[in-house]
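In: Just a sequence and a predicted model for now, questions to come.
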Amino acid sequence: MIDLNKKLWQWIAMLALALIWGSSFILMKKGLVAFSFTQVAAIRVFFGFVLLLPVIYRHLGKINKANLKNISIVGYAGIFFPAFLFALAQTHITSALSGMLNSSATLFALIVGILFYKNKPTLNQVVGVIIGFIGALALITGGDFSAIFGTNSYALYVIIATIGYGINVNEVKFKLPNMNGIQITSLSFLTVGPVAGVILLFTDLGTAWESPYFWQSLGAVLALSAFGSVLSLFVFNNLIRYTNALFASSVTYIIPFFAILWGISDGETVNFVQILGIIIVLLGVYMVNRRQRVKRV
C-alpha cells in the first residue's frame, strides 16, 4: 500500500510525476496542431473540472471563508495561468525546451517562500538560486543571449508559469495544511474550471473541427488534462503535505529528461549549451535542497 510517510514511496511518487509531466509537453505540442493555444489551455482546465465534478461535490463543504482565497490562489497560480502560458510558449519553442525551462519551478518555490512565507535562506540556498538562474538563461537563449529579445522570448512565458508554481507549492504547504491532495486539487479546479469553460465558448472551435488532425489533437489534450493535470496534481499536492515545498517541487528537475526524450523522438533538436544549462540548473537545485536535508537531521 502506498505510504508517503516513507522515503521510498516519496521518490517513487516523484519519478511517476516526472514521467507524467515530462510527457505533458509533447501532448501540448500535439494538441496545438489543430487547436489554438487558448483552446488547448481552456480544454485542459475545463475537462479537468468536469472529470472532478463528483469529487468536488463530495468535498464542497471543505470550502469556507478562511480558505477560499488560498484555494483560489492555488487554482489560478498552479493550474489556470500556467496552462495558458505553457500552451502559448509552445507555439514558438519546442516541447523539449519547455520541459527544460520548467525546472526553474523549484528555484521560484524557494524565492517565493523567502519573500512571502517567511522562509530564511542560507548561503547554500542563495548560491543555488543564482546558479539555477544562470542555467535557466542558458536554456532560454541556447547560448545566444540576444535571442531573449527575439523569438525565444516566448520562453519567458514558461518562466512566468514556473513562478506561479512557486506560489502554488508554498500556498499548499503553508496555507492549506489541513487539506489533502484530493481536496485541494478538486476544489482548486472548481475556482478555475467554469472560467475556462466560458473562455472556450468564445473561441473558434469550427476551425479546429475542420482540421484533419482534430481527433488526434483532442485526444492529446484530454490525456493532458486527465493525467498531466488531475491525476498528477492529486499526487503532487499530497507529496507536498508529506515532505516539503522544495522536495516536492524538485520533481521539475527530473521532468526535463523525459521531455527531452519525447522531443528528440519527435524530431526536435537540443544543442550543447541547453544540455549544459540543465546541468547547471541541476547543480542549483542540489545546492537548494542540500540545506533541507541538513536541516531535517
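Out: Good, I have the coordinates.
In: quick one: low-confidence parts of this protein?
Out: Flagging of the chain using pLDDT under 70 yields the residue ranges 1-3, 121, 136-137, 139-152, 244-250, 252-253, 285-286, 288-297.
In: tell me the centre residue of the chain?
Out: Taking CA atoms, centre = their mean, the centroid of the chain lies closest to Tyr165, which sits 6.0 Å from it.
In: What sits closest to that one if chain neighbours are left out?
Out: What sits nearest to Tyr165 in space, not counting adjacent residues and going by CB to CB, 6 or more residues apart in numbering, is Ala105, at 4.2 Å. Bear in mind the C-beta positions are built from the backbone N, C-alpha and C, glycine included.
In: can you check Thr38 too?
Out: Thr203 (5.6 Å).
In: now swap in Gln216 and tell me
Out: Of all residues not flanking Gln216 in the chain, Lys30 sits nearest, at 6.5 Å (CB to CB, 6+ apart).
In: What of Lys62?
Out: Gln183 (5.3 Å).
In: which stretch of helix or strand covers that neighbour?
Out: Assigned by DSSP states H and E, Gln183 belongs to helix 181-201.
In: How about residues contacting that helix?
Out: The contact list for helix 181-201, computed with CB atoms under 8 Å, 6 or more residues apart in numbering, reads 38-39, 41-46, 48-50, 52, 55-56, 59-60, 62-63, 71-72, 74-76, 78-80, 83, 172, 176, 179, 230, 233-241.
In: Of all the residues in the helix or strand following that helix, which ones are buried?
Out: Toward the C-terminus, helix 181-201 is succeeded by helix 205-210 as the next helix or strand (DSSP H and E). Within helix 205-210, the residues scored as buried using 16 or more other CB atoms under 10 Å are Ala208.
In: Repeat that for stretch 19-37.
Out: By 16+ other CB under 10 Å, the buried positions in stretch 19-37 come out as 19-32, 34-37.
In: helix or strand for the closest residue to Leu205 other than its chain neighbours, which one?
Out: Distances taken as CB to CB, 6+ apart put Gln39 closest to Leu205, at 6.9 Å, once the chain neighbours are dropped. Using DSSP H and E, Gln39 sits in helix 37-51.
In: tell me how far that helix is from the chain's mean position?
Out: Centroid separation for helix 37-51 versus its chain: 15 Å, with CA atoms, centre = their mean, to the nearest Å.
In: Stretch 213-232 now?
Out: 15 Å.
In: CA atoms of that stretch as CSV?
Out: Only the C-alpha atoms of stretch 213-232 are listed here, as CSV (Å, rounded to 0.1, in the frame of the first residue of the first chain):
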residue,chain,number,x,y,z
TYR,A,213,-5.9,16.3,-37.0
PHE,A,214,-8.9,17.3,-34.9
TRP,A,215,-9.4,14.0,-33.1
GLN,A,216,-5.7,13.3,-32.6
SER,A,217,-5.3,16.8,-31.1
LEU,A,218,-8.4,16.4,-28.9
GLY,A,219,-7.2,13.1,-27.6
ALA,A,220,-3.8,14.6,-26.8
VAL,A,221,-5.4,17.5,-24.8
LEU,A,222,-7.8,15.2,-23.0
ALA,A,223,-5.0,12.9,-22.0
LEU,A,224,-3.0,16.0,-20.9
SER,A,225,-5.9,17.1,-18.7
ALA,A,226,-6.6,13.7,-17.2
PHE,A,227,-3.0,12.7,-16.4
GLY,A,228,-1.0,15.9,-16.7
SER,A,229,-3.4,18.0,-14.5
VAL,A,230,-5.9,15.9,-12.5
LEU,A,231,-4.0,12.7,-11.6
SER,A,232,-0.6,14.4,-11.2
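In: Look at Asn5 and tell me its secondary structure.
Out: When classified by DSSP: H, G, I helix; E, B strand; the rest coil, Asn5 comes out as coil.
In: so what's it up against?
Out: Tyr242.
In: List the backbone torsions phi and psi for it.
Out: phi -70, psi -20 (degrees, to the nearest 10).
In: Look up how far Ile73 lies from it.
Out: From Asn5 across to Ile73, the span is 27 Å (CB to CB, to the nearest Å).
In: Identify the spatial nearest neighbour of Phe174, chain neighbours not counted.
Out: Using CB to CB, 6+ apart and skipping the chain neighbours, the partner closest in space to Phe174 is Tyr117 (5.2 Å).
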